[in-house]
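[1] output the structure for:
(one chain, ligands or ions: 2)
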Amino acid sequence: MGEAPAFFVDNLQNGFSTGFGLKSKGFETFTDVGDKTFVIGGANCDSASSVGIQIYDKSTGKWVIPTVLGTKPKTCKGHSAILLNEDRIMISIRGSTLDDCIWFLEVDTEYVKEQKKDFGTEVVAWSKGVTGEAEKPVVISGPSGVGKGTLINMLMKEFPSMFGFSVSHTTRAPRGMEKNGVHYHFTERNVMENDIKHGKFLEFASVHGNLYGTSIEAIEAVADSGKRCILDIDVQGARSVRANYLDAVFIFICPPSMRELEERLRARGTETEEQILKRLRNAEAEIEQGKSSGIFDYILYNDNLEECYENLMELLGLGGSAPINQKPSSKVIDPPSNHSVSKIDNKMVINCETKEVGNEAKNFGFMQDHTGCVVA
Ligand SMILES: Nc1nc2c(ncn2[C@@H]2O[C@H](COP(=O)(O)OP(=O)(O)O)[C@@H](O)[C@H]2O)c(=O)[nH]1
Ligand SMILES: Nc1ncnc2c1ncn2[C@@H]1O[C@H](COP(=O)(O)OP(=O)(O)O)[C@@H](O)[C@H]1O
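    Ligands and ions are numbered 1, 2, ... in the order given. Purely as a prediction, here's the structure:
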(Lines give C-alpha, C1' and ligand atoms only; values in the text may rest on other atoms or scores of the structure.)
(Ligands and ions follow the chains in the order given, each with its own letter.)
Protein backbone atom coordinates (compact mmCIF):
# COMPACT_ATOMS: atom_id res chain seq x y z
CA MET A 1 0.00 0.00 0.00
CA GLY A 2 1.28 3.47 -0.84
CA GLU A 3 1.39 6.55 1.31
CA ALA A 4 -1.83 8.22 2.18
CA PRO A 5 -1.49 11.91 1.40
CA ALA A 6 -5.24 12.48 1.42
CA PHE A 7 -7.30 13.43 4.42
CA PHE A 8 -10.79 14.08 5.68
CA VAL A 9 -11.89 17.49 4.50
CA ASP A 10 -15.58 17.40 5.07
CA ASN A 11 -15.33 20.18 7.61
CA LEU A 12 -14.01 22.66 5.06
CA GLN A 13 -15.99 25.86 4.81
CA ASN A 14 -17.92 26.71 1.67
CA GLY A 15 -15.91 29.12 -0.43
CA PHE A 16 -12.58 27.76 0.80
CA SER A 17 -9.94 28.27 -1.85
CA THR A 18 -8.20 25.09 -2.93
CA GLY A 19 -4.93 26.94 -3.35
CA PHE A 20 -5.11 26.24 -7.07
CA GLY A 21 -7.40 29.18 -7.74
CA LEU A 22 -10.57 27.09 -7.62
CA LYS A 23 -13.54 27.77 -5.46
CA SER A 24 -14.37 24.88 -3.26
CA LYS A 25 -17.79 23.71 -2.11
CA GLY A 26 -16.10 21.71 0.58
CA PHE A 27 -15.90 17.92 0.80
CA GLU A 28 -12.81 17.57 -1.39
CA THR A 29 -9.88 15.30 -0.89
CA PHE A 30 -6.53 15.92 -2.57
CA THR A 31 -4.46 12.89 -3.50
CA ASP A 32 -1.06 13.12 -5.14
CA VAL A 33 -0.20 10.48 -7.71
CA GLY A 34 3.11 11.28 -9.45
CA ASP A 35 2.96 14.86 -10.67
CA LYS A 36 -0.81 15.01 -10.56
CA THR A 37 -3.16 15.93 -7.77
CA PHE A 38 -6.59 14.29 -7.93
CA VAL A 39 -9.24 16.46 -6.35
CA ILE A 40 -12.26 14.37 -5.54
CA GLY A 41 -15.59 15.97 -4.68
CA GLY A 42 -16.27 19.68 -4.21
CA ALA A 43 -16.09 22.26 -6.97
CA ASN A 44 -16.69 19.91 -9.88
CA CYS A 45 -19.67 18.09 -8.44
CA ASP A 46 -22.40 18.15 -11.09
CA SER A 47 -24.89 18.38 -8.32
CA ALA A 48 -24.63 18.89 -4.61
CA SER A 49 -24.86 15.17 -4.06
CA SER A 50 -22.51 13.63 -6.61
CA VAL A 51 -18.77 13.16 -6.56
CA GLY A 52 -16.82 15.12 -9.16
CA ILE A 53 -13.18 14.73 -10.17
CA GLN A 54 -10.61 17.22 -11.35
CA ILE A 55 -6.91 16.83 -11.84
CA TYR A 56 -4.21 19.40 -11.23
CA ASP A 57 -1.16 18.69 -13.37
CA LYS A 58 1.79 20.09 -11.47
CA SER A 59 4.12 19.80 -14.46
CA THR A 60 1.97 22.10 -16.62
CA GLY A 61 0.21 24.05 -13.88
CA LYS A 62 -3.10 23.25 -15.56
CA TRP A 63 -6.41 21.82 -14.44
CA VAL A 64 -7.88 18.95 -16.37
CA ILE A 65 -11.38 17.51 -16.21
CA PRO A 66 -10.96 13.80 -16.94
CA THR A 67 -13.23 11.40 -18.76
CA VAL A 68 -14.93 9.51 -15.95
CA LEU A 69 -15.81 5.86 -16.57
CA GLY A 70 -17.97 3.55 -14.48
CA THR A 71 -20.75 4.38 -12.09
CA LYS A 72 -19.77 6.91 -9.47
CA PRO A 73 -20.93 7.11 -5.85
CA LYS A 74 -24.27 8.81 -5.48
CA THR A 75 -23.63 10.66 -2.28
CA CYS A 76 -20.99 13.16 -1.33
CA LYS A 77 -21.53 14.04 2.31
CA GLY A 78 -17.84 13.83 3.04
CA HIS A 79 -15.32 11.15 2.34
CA SER A 80 -11.77 10.10 2.99
CA ALA A 81 -9.32 9.03 0.31
CA ILE A 82 -6.33 6.73 0.51
CA LEU A 83 -3.92 6.00 -2.31
CA LEU A 84 -3.38 2.29 -2.93
CA ASN A 85 -0.63 0.76 -5.07
CA GLU A 86 0.10 4.19 -6.54
CA ASP A 87 -2.62 3.54 -9.11
CA ARG A 88 -6.02 3.73 -7.40
CA ILE A 89 -7.63 5.77 -4.66
CA MET A 90 -9.83 4.10 -2.11
CA ILE A 91 -12.75 6.32 -1.15
CA SER A 92 -14.67 5.81 2.02
CA ILE A 93 -18.00 7.65 1.83
CA ARG A 94 -19.37 9.10 5.03
CA GLY A 95 -22.93 8.41 6.05
CA SER A 96 -23.69 5.76 3.44
CA THR A 97 -24.81 2.22 3.97
CA LEU A 98 -22.29 -0.55 4.53
CA ASP A 99 -22.68 -1.90 1.00
CA ASP A 100 -22.23 1.52 -0.54
CA CYS A 101 -19.44 3.09 1.47
CA ILE A 102 -16.26 1.80 -0.18
CA TRP A 103 -15.37 2.86 -3.72
CA PHE A 104 -12.22 2.83 -5.78
CA LEU A 105 -11.11 5.47 -8.24
CA GLU A 106 -8.60 3.99 -10.66
CA VAL A 107 -6.21 6.71 -11.77
CA ASP A 108 -3.21 4.90 -13.21
CA THR A 109 -4.09 1.21 -13.53
CA GLU A 110 -3.42 -0.76 -16.72
CA TYR A 111 -7.10 -0.40 -17.59
CA VAL A 112 -7.00 3.38 -17.18
CA LYS A 113 -3.76 3.62 -19.19
CA GLU A 114 -5.43 1.73 -22.08
CA GLN A 115 -8.51 3.94 -21.92
CA LYS A 116 -6.37 7.10 -21.95
CA LYS A 117 -4.93 5.97 -25.26
CA ASP A 118 -8.40 5.29 -26.68
CA PHE A 119 -9.99 8.52 -25.45
CA GLY A 120 -6.95 10.75 -25.91
CA THR A 121 -7.83 12.45 -22.61
CA GLU A 122 -7.13 11.97 -18.93
CA VAL A 123 -9.29 9.07 -17.73
CA VAL A 124 -10.34 7.86 -14.31
CA ALA A 125 -12.60 4.89 -13.58
CA TRP A 126 -14.87 4.29 -10.63
CA SER A 127 -15.53 0.86 -9.22
CA LYS A 128 -17.45 -0.09 -6.15
CA GLY A 129 -16.09 -2.07 -3.24
CA VAL A 130 -17.89 -5.36 -3.49
CA THR A 131 -19.30 -7.59 -0.81
CA GLY A 132 -19.10 -11.34 -0.54
CA GLU A 133 -17.03 -13.63 -2.73
CA ALA A 134 -15.57 -10.79 -4.69
CA GLU A 135 -12.55 -12.45 -6.23
CA LYS A 136 -14.22 -15.49 -7.68
CA PRO A 137 -14.64 -15.72 -11.44
CA VAL A 138 -18.24 -15.72 -12.61
CA VAL A 139 -19.50 -18.44 -14.94
CA ILE A 140 -22.73 -17.57 -16.72
CA SER A 141 -24.62 -20.18 -18.71
CA GLY A 142 -28.05 -20.44 -20.23
CA PRO A 143 -29.80 -21.24 -23.48
CA SER A 144 -29.24 -19.21 -26.60
CA GLY A 145 -31.29 -16.01 -26.56
CA VAL A 146 -31.97 -15.96 -22.81
CA GLY A 147 -30.03 -12.71 -22.33
CA LYS A 148 -26.59 -13.79 -21.09
CA GLY A 149 -24.75 -11.42 -23.41
CA THR A 150 -27.13 -8.57 -22.59
CA LEU A 151 -26.64 -8.99 -18.84
CA ILE A 152 -22.87 -9.32 -19.17
CA ASN A 153 -22.73 -6.18 -21.31
CA MET A 154 -24.72 -4.26 -18.70
CA LEU A 155 -22.32 -5.40 -16.01
CA MET A 156 -19.22 -4.56 -18.02
CA LYS A 157 -20.63 -1.15 -18.93
CA GLU A 158 -21.51 -0.23 -15.38
CA PHE A 159 -18.34 -1.67 -13.84
CA PRO A 160 -15.77 -1.42 -16.64
CA SER A 161 -12.75 -1.65 -14.43
CA MET A 162 -14.07 -4.43 -12.25
CA PHE A 163 -14.95 -7.19 -14.69
CA GLY A 164 -13.01 -8.66 -17.57
CA PHE A 165 -14.66 -10.86 -20.18
CA SER A 166 -13.01 -14.14 -21.04
CA VAL A 167 -12.94 -14.01 -24.85
CA SER A 168 -13.69 -17.52 -26.09
CA HIS A 169 -12.62 -19.15 -29.32
CA THR A 170 -15.29 -20.37 -31.70
CA THR A 171 -15.56 -21.92 -35.13
CA ARG A 172 -18.90 -20.22 -35.79
CA ALA A 173 -19.02 -17.29 -38.19
CA PRO A 174 -19.10 -13.77 -36.72
CA ARG A 175 -22.45 -11.98 -36.52
CA GLY A 176 -22.80 -8.50 -38.01
CA MET A 177 -21.50 -6.40 -35.11
CA GLU A 178 -19.15 -8.94 -33.59
CA LYS A 179 -15.46 -8.12 -33.55
CA ASN A 180 -12.68 -10.66 -33.64
CA GLY A 181 -10.77 -10.61 -30.35
CA VAL A 182 -13.54 -8.72 -28.54
CA HIS A 183 -16.63 -10.93 -28.69
CA TYR A 184 -14.84 -14.10 -29.77
CA HIS A 185 -11.62 -15.24 -31.32
CA PHE A 186 -13.09 -16.53 -34.57
CA THR A 187 -11.03 -19.44 -35.73
CA GLU A 188 -10.82 -22.38 -38.13
CA ARG A 189 -11.84 -25.78 -36.77
CA ASN A 190 -8.52 -27.47 -37.61
CA VAL A 191 -6.55 -24.68 -35.91
CA MET A 192 -8.70 -24.88 -32.81
CA GLU A 193 -8.57 -28.67 -32.70
CA ASN A 194 -4.80 -28.50 -32.94
CA ASP A 195 -4.63 -25.96 -30.09
CA ILE A 196 -6.91 -28.17 -27.99
CA LYS A 197 -4.56 -31.11 -28.64
CA HIS A 198 -1.67 -28.97 -27.43
CA GLY A 199 -3.41 -28.20 -24.13
CA LYS A 200 -4.11 -24.56 -24.82
CA PHE A 201 -7.74 -24.78 -23.70
CA LEU A 202 -9.13 -24.83 -20.23
CA GLU A 203 -12.38 -26.28 -21.57
CA PHE A 204 -14.13 -26.69 -24.88
CA ALA A 205 -17.41 -28.08 -26.17
CA SER A 206 -19.40 -28.60 -29.31
CA VAL A 207 -22.44 -26.35 -29.10
CA HIS A 208 -25.15 -26.01 -31.77
CA GLY A 209 -22.78 -27.67 -34.25
CA ASN A 210 -19.78 -25.40 -33.64
CA LEU A 211 -16.74 -25.68 -31.45
CA TYR A 212 -16.38 -23.23 -28.56
CA GLY A 213 -13.62 -23.06 -25.98
CA THR A 214 -11.96 -21.01 -23.27
CA SER A 215 -8.23 -20.72 -23.81
CA ILE A 216 -5.89 -20.54 -20.86
CA GLU A 217 -4.54 -17.36 -22.40
CA ALA A 218 -8.01 -15.75 -22.34
CA ILE A 219 -8.31 -16.37 -18.60
CA GLU A 220 -4.76 -15.20 -17.96
CA ALA A 221 -5.39 -11.98 -19.88
CA VAL A 222 -8.22 -11.11 -17.50
CA ALA A 223 -6.24 -12.20 -14.44
CA ASP A 224 -3.29 -10.06 -15.55
CA SER A 225 -5.54 -7.02 -15.80
CA GLY A 226 -6.48 -7.54 -12.15
CA LYS A 227 -10.17 -7.87 -12.95
CA ARG A 228 -12.81 -10.39 -12.04
CA CYS A 229 -13.26 -12.83 -14.88
CA ILE A 230 -16.67 -13.44 -16.50
CA LEU A 231 -17.13 -16.55 -18.61
CA ASP A 232 -20.14 -16.95 -20.92
CA ILE A 233 -20.02 -20.68 -21.60
CA ASP A 234 -22.48 -23.50 -22.15
CA VAL A 235 -23.51 -26.10 -19.57
CA GLN A 236 -20.90 -28.64 -20.75
CA GLY A 237 -18.19 -25.99 -20.38
CA ALA A 238 -19.49 -25.03 -16.95
CA ARG A 239 -19.37 -28.68 -15.95
CA SER A 240 -15.71 -28.96 -17.03
CA VAL A 241 -14.78 -25.76 -15.23
CA ARG A 242 -16.60 -26.93 -12.11
CA ALA A 243 -14.91 -30.34 -12.25
CA ASN A 244 -11.40 -29.42 -13.23
CA TYR A 245 -10.46 -25.96 -12.61
CA LEU A 246 -11.51 -22.97 -10.74
CA ASP A 247 -13.57 -22.02 -7.79
CA ALA A 248 -16.12 -19.79 -9.41
CA VAL A 249 -19.65 -18.53 -8.89
CA PHE A 250 -21.84 -20.53 -11.30
CA ILE A 251 -25.02 -18.82 -12.47
CA PHE A 252 -27.59 -20.29 -14.83
CA ILE A 253 -29.93 -17.90 -16.62
CA CYS A 254 -33.39 -19.29 -17.36
CA PRO A 255 -36.02 -17.86 -19.69
CA PRO A 256 -39.48 -17.15 -18.28
CA SER A 257 -40.92 -19.51 -20.91
CA MET A 258 -39.90 -21.34 -24.08
CA ARG A 259 -42.22 -19.09 -26.06
CA GLU A 260 -40.47 -15.97 -24.77
CA LEU A 261 -37.10 -17.54 -25.53
CA GLU A 262 -38.18 -18.18 -29.10
CA GLU A 263 -39.45 -14.61 -29.44
CA ARG A 264 -36.15 -13.20 -28.21
CA LEU A 265 -34.13 -15.40 -30.54
CA ARG A 266 -36.28 -14.41 -33.50
CA ALA A 267 -36.30 -10.73 -32.56
CA ARG A 268 -32.50 -10.73 -32.27
CA GLY A 269 -32.43 -11.64 -35.92
CA THR A 270 -28.92 -13.09 -35.91
CA GLU A 271 -29.69 -16.72 -36.76
CA THR A 272 -31.19 -18.52 -39.72
CA GLU A 273 -34.47 -20.37 -39.25
CA GLU A 274 -32.59 -23.66 -39.14
CA GLN A 275 -30.22 -22.36 -36.46
CA ILE A 276 -33.10 -20.95 -34.42
CA LEU A 277 -34.84 -24.31 -34.41
CA LYS A 278 -31.62 -26.09 -33.45
CA ARG A 279 -31.01 -23.63 -30.60
CA LEU A 280 -34.56 -24.04 -29.34
CA ARG A 281 -34.29 -27.84 -29.42
CA ASN A 282 -31.02 -27.65 -27.50
CA ALA A 283 -32.49 -25.13 -25.06
CA GLU A 284 -34.83 -27.67 -23.51
CA ALA A 285 -31.97 -30.01 -22.59
CA GLU A 286 -29.79 -27.10 -21.45
CA ILE A 287 -32.51 -25.78 -19.14
CA GLU A 288 -33.05 -29.24 -17.74
CA GLN A 289 -29.33 -29.65 -17.07
CA GLY A 290 -28.98 -26.13 -15.80
CA LYS A 291 -31.58 -26.81 -13.17
CA SER A 292 -30.90 -30.37 -12.23
CA SER A 293 -27.18 -31.05 -12.75
CA GLY A 294 -26.02 -29.47 -9.52
CA ILE A 295 -23.42 -27.43 -11.39
CA PHE A 296 -24.97 -24.06 -10.73
CA ASP A 297 -25.02 -22.14 -7.49
CA TYR A 298 -27.79 -19.83 -8.64
CA ILE A 299 -30.60 -19.96 -11.14
CA LEU A 300 -31.70 -16.55 -12.26
CA TYR A 301 -34.91 -16.04 -14.23
CA ASN A 302 -34.57 -13.36 -16.86
CA ASP A 303 -38.09 -12.13 -17.30
CA ASN A 304 -37.78 -8.44 -16.60
CA LEU A 305 -34.27 -7.42 -17.63
CA GLU A 306 -33.73 -4.64 -15.12
CA GLU A 307 -34.85 -6.80 -12.24
CA CYS A 308 -32.74 -9.71 -13.38
CA TYR A 309 -29.74 -7.40 -13.63
CA GLU A 310 -30.37 -6.08 -10.11
CA ASN A 311 -30.43 -9.65 -8.83
CA LEU A 312 -27.27 -10.50 -10.71
CA MET A 313 -25.53 -7.50 -9.15
CA GLU A 314 -26.71 -8.57 -5.76
CA LEU A 315 -25.32 -12.07 -6.25
CA LEU A 316 -22.00 -10.58 -7.24
CA GLY A 317 -21.82 -8.50 -4.10
CA LEU A 318 -22.58 -5.23 -5.85
CA GLY A 319 -25.75 -4.39 -4.05
CA GLY A 320 -26.12 -6.75 -1.13
CA SER A 321 -25.97 -6.05 2.55
CA ALA A 322 -23.08 -8.31 3.54
CA PRO A 323 -20.06 -6.56 5.05
CA ILE A 324 -17.40 -5.18 2.74
CA ASN A 325 -14.10 -7.09 2.53
CA GLN A 326 -15.76 -10.21 3.78
CA LYS A 327 -13.38 -13.11 3.20
CA PRO A 328 -14.48 -15.52 0.48
CA SER A 329 -15.99 -18.60 2.00
CA SER A 330 -17.86 -21.68 0.92
CA LYS A 331 -21.05 -20.15 2.26
CA VAL A 332 -23.51 -19.06 -0.35
CA ILE A 333 -23.99 -15.36 -0.77
CA ASP A 334 -26.93 -13.90 1.11
CA PRO A 335 -30.00 -14.36 -1.03
CA PRO A 336 -31.93 -11.43 -2.38
CA SER A 337 -35.35 -11.04 -0.83
CA ASN A 338 -37.22 -12.48 -3.82
CA HIS A 339 -35.67 -15.91 -3.89
CA SER A 340 -36.88 -19.39 -3.27
CA VAL A 341 -34.94 -22.59 -2.82
CA SER A 342 -35.19 -25.26 -5.45
CA LYS A 343 -35.95 -28.80 -4.32
CA ILE A 344 -33.24 -29.93 -6.66
CA ASP A 345 -29.86 -29.64 -4.96
CA ASN A 346 -31.10 -26.84 -2.72
CA LYS A 347 -30.07 -24.33 -5.34
CA MET A 348 -31.43 -20.87 -5.14
CA VAL A 349 -34.01 -19.81 -7.66
CA ILE A 350 -34.23 -16.07 -8.08
CA ASN A 351 -37.38 -15.00 -9.76
CA CYS A 352 -37.19 -11.82 -11.80
CA GLU A 353 -40.90 -11.86 -12.52
CA THR A 354 -42.32 -8.33 -12.31
CA LYS A 355 -45.87 -8.88 -13.39
CA GLU A 356 -48.37 -8.52 -10.59
CA VAL A 357 -48.68 -12.18 -9.82
CA GLY A 358 -50.46 -11.79 -6.54
CA ASN A 359 -48.92 -14.72 -4.74
CA GLU A 360 -45.99 -17.09 -4.82
CA ALA A 361 -48.01 -20.08 -5.96
CA LYS A 362 -48.93 -18.36 -9.18
CA ASN A 363 -45.34 -17.41 -9.66
CA PHE A 364 -44.11 -20.96 -9.26
CA GLY A 365 -46.95 -22.34 -11.35
CA PHE A 366 -45.84 -20.05 -14.12
CA MET A 367 -42.37 -21.46 -14.01
CA GLN A 368 -43.54 -25.03 -13.93
CA ASP A 369 -45.93 -24.53 -16.82
CA HIS A 370 -43.44 -23.02 -19.15
CA THR A 371 -40.03 -24.26 -18.29
CA GLY A 372 -40.63 -27.35 -16.24
CA CYS A 373 -38.90 -25.87 -13.23
CA VAL A 374 -39.69 -27.58 -9.95
CA VAL A 375 -39.42 -25.26 -7.03
CA ALA A 376 -40.27 -25.54 -3.41
N1 LIG B 1 -18.14 -24.49 -23.52
C2 LIG B 1 -18.11 -23.26 -24.02
N3 LIG B 1 -19.24 -22.68 -24.44
C4 LIG B 1 -19.16 -21.42 -24.95
C5 LIG B 1 -17.95 -20.72 -25.02
N6 LIG B 1 -18.21 -19.51 -25.55
C7 LIG B 1 -19.53 -19.46 -25.77
N8 LIG B 1 -20.11 -20.61 -25.40
C9 LIG B 1 -21.53 -20.98 -25.44
O10 LIG B 1 -21.90 -21.30 -26.75
C11 LIG B 1 -23.28 -21.05 -26.91
C12 LIG B 1 -23.51 -20.33 -28.21
O13 LIG B 1 -22.95 -19.07 -28.15
P14 LIG B 1 -23.21 -18.02 -29.32
O15 LIG B 1 -22.94 -18.67 -30.63
O16 LIG B 1 -22.47 -16.77 -29.02
O17 LIG B 1 -24.78 -17.82 -29.29
P18 LIG B 1 -25.77 -17.14 -28.21
O19 LIG B 1 -25.68 -17.90 -26.93
O20 LIG B 1 -27.08 -17.29 -28.88
O21 LIG B 1 -25.37 -15.71 -28.06
C22 LIG B 1 -23.72 -20.28 -25.69
O23 LIG B 1 -24.36 -21.21 -24.82
C24 LIG B 1 -22.45 -19.83 -25.05
O25 LIG B 1 -22.55 -19.73 -23.64
C26 LIG B 1 -16.77 -21.36 -24.55
O27 LIG B 1 -15.68 -20.84 -24.56
N28 LIG B 1 -16.91 -22.63 -24.07
N1 LIG C 1 -35.38 -9.69 -20.08
C2 LIG C 1 -35.46 -9.52 -21.39
N3 LIG C 1 -36.63 -9.17 -21.94
C4 LIG C 1 -36.76 -9.00 -23.28
N5 LIG C 1 -35.73 -9.15 -24.15
C6 LIG C 1 -34.54 -9.50 -23.65
C7 LIG C 1 -34.34 -9.69 -22.26
N8 LIG C 1 -33.04 -10.03 -22.06
C9 LIG C 1 -32.46 -10.03 -23.27
N10 LIG C 1 -33.35 -9.71 -24.24
C11 LIG C 1 -33.13 -9.64 -25.69
O12 LIG C 1 -33.10 -10.99 -26.12
C13 LIG C 1 -32.17 -11.15 -27.18
C14 LIG C 1 -31.18 -12.25 -26.80
O15 LIG C 1 -30.34 -11.76 -25.77
P16 LIG C 1 -28.80 -12.12 -25.75
O17 LIG C 1 -28.18 -11.32 -24.66
O18 LIG C 1 -28.20 -11.98 -27.11
O19 LIG C 1 -28.88 -13.65 -25.36
P20 LIG C 1 -27.76 -14.76 -25.20
O21 LIG C 1 -26.43 -14.06 -25.08
O22 LIG C 1 -28.13 -15.51 -23.98
O23 LIG C 1 -27.85 -15.61 -26.43
C24 LIG C 1 -31.52 -9.80 -27.40
O25 LIG C 1 -32.14 -9.19 -28.53
C26 LIG C 1 -31.82 -9.05 -26.12
O27 LIG C 1 -31.92 -7.68 -26.36
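[2] from Cys308, how far out is the closest residue to Asp234 other than its chain neighbours?
    Beyond its immediate neighbours in the sequence, the residue positioned closest to Asp234 (CB to CB, 6 or more residues apart in numbering) is Val207, lying 4.7 Å away. Bear in mind the C-beta positions are built from the backbone N, C-alpha and C, glycine included. With the distance defined as CB to CB, to the nearest Å, Val207 ends up 22 Å from Cys308.
[3] show me which of those two is the more surrounded one.
    Ranked by neighbour count (other CB atoms under 10 Å), Val207 and Cys308 place Cys308 first, with 26 against 20.
[4] let me see the contact set for the more buried one.
    Under the criterion of CB atoms under 8 Å, 6 or more residues apart in numbering, the contact partners of Cys308 comprise 147, 151, 253, 300-302, 352.
[5] per-residue confidence for it?
    As summarised for this prediction, Cys308 has a pLDDT of 96.
[6] doesn't it fall inside a strand?
    No - with the criterion set as DSSP: H, G, I helix; E, B strand; the rest coil, the secondary structure at Cys308 is helix rather than a strand.
[7] for the residue of the stretch 151-300 of the chain found nearest ligand 1, helix, strand, or coil?
    The minimum distance from the stretch 151-300 of the chain to ligand 1, using CB to the nearest ligand atom, falls at Gly237 (2.4 Å). The assignment at Gly237 comes out as helix when based on three-state DSSP.
[8] please apply the same query to Lys113.
    Each residue gets one of three states, and Lys113 gets helix by three-state DSSP.
[9] on the pLDDT front, check it for me.
    Looking at Lys113, its pLDDT is 92.
[10] before we move on, what about Phe163?
    Per-residue confidence at Phe163 stands at 91 (pLDDT).
[11] I figured it was touching Met154, is that so?
    No - in this structure, Phe163 sits apart from Met154 without contact. The criterion is CB atoms under 8 Å, and the distance is 10.6 Å.
[12] comparing those two, which shows the higher neighbour count?
    When neighbours are counted by other CB under 10 Å, Phe163 and Met154 differ, and Phe163 comes out ahead with 22 against 17.
[13] Phe30 versus that one, what's the distance?
    Taken as CB to CB, the spacing of Phe163 relative to Phe30 amounts to 30 Å.
[14] one more: Asp195?
    To Phe30, Asp195 is 50 Å away according to CB to CB.
[15] ranges for the helices of the stretch 51-200 of the chain?
    110-119, 148-158, 189-197 (DSSP state H, counting those that start in this stretch).
[16] which residues touch Gly164?
    Residues touching Gly164, when contacts are defined by CB under 8 Å, 6+ apart, comprise 221-222, 225, 227-230.
[17] near ligand 2, which residues of the stretch 101-250 of the chain show up?
    142, 144-150 (CB under 6 Å from any ligand atom).
[18] just flag the most distant two among those residues.
    Maximum pairwise distance in these, criterion CB to CB, is 12.4 Å, between Ser144 and Thr150.
[19] comparing these two, which residue is more hemmed in?
    Ser144 (23 against 17).
[20] burial count for Asp108?
    Using other CB under 10 Å, the number of residues around Asp108 comes to 20.
[21] wait, it touches Asp32, no?
    No - Asp108 is beyond contact range of Asp32, at 11.7 Å (criterion: CB under 8 Å).
[22] Phe201 is in contact with the residue of the stretch 151-300 of the chain closest to ligand 1, correct?
    No - in this structure, Gly237 is not within contact of Phe201 by CB under 8 Å, at 10.0 Å.
[23] ok, back up a step: who does the residue nearest to Asp234 form a beta bridge with?
    Beta-bridge pairing for Val207 (DSSP bridges): Asn210.
[24] who's in contact with it?
    With contacts taken as CB under 8 Å, 6+ apart, Val207 has the following neighbours: 234, 236, 282.
[25] what of Arg88?
    Residues in contact with Arg88, defined by CB under 8 Å, 6+ apart, are 104-109.
[26] please repeat the previous calculation with a cut-off of 6 Å.
    Arg88 makes contact with 104, 106, 109, according to CB atoms under 6 Å, 6 or more residues apart in numbering.
[27] ranking by neighbours, what's the top pick from those?
    Glu106 (26 neighbours).
[28] quick check: it vs ligand 1, distance?
    28 Å (CB to the nearest ligand atom, to the nearest Å).
[29] Leu316 now?
    Taking CB to the nearest ligand atom as the criterion, Leu316 is separated from ligand 1 by 18 Å.
[30] do Trp103 as well
    Computed as CB to the nearest ligand atom, the Trp103 to ligand 1 distance reads 31 Å.
[31] quick one: that residue and Gly164, what's the gap?
    Where Gly164 is concerned, Trp103 sits at a distance of 19 Å (CB to CB).
[32] remind me which residues of the stretch 51-200 of the chain are low pLDDT?
    Low-confidence regions of the stretch 51-200 of the chain, defined here as pLDDT under 70, cover residues 75-77, 98-99, 130-134.
[33] where along it do the strands fall?
    In the stretch 51-200 of the chain, the segments counted as strands under DSSP state E, counting those that start in this stretch are 53-57, 62-64, 67-69, 79-84, 88-93, 102-106, 123-128, 138-141, 163-165, 168-170, 184-186.
[34] pull up the pairing partners for the first one, direction included.
    In its sheet, strand 53-57 lies beside strand 36-40 (antiparallel), strand 62-64 (antiparallel), with partners assigned from DSSP bridges.
[35] try the fourth one
    With DSSP bridges as the criterion, the sheet partners recorded for strand 79-84 are strand 88-93 (antiparallel).
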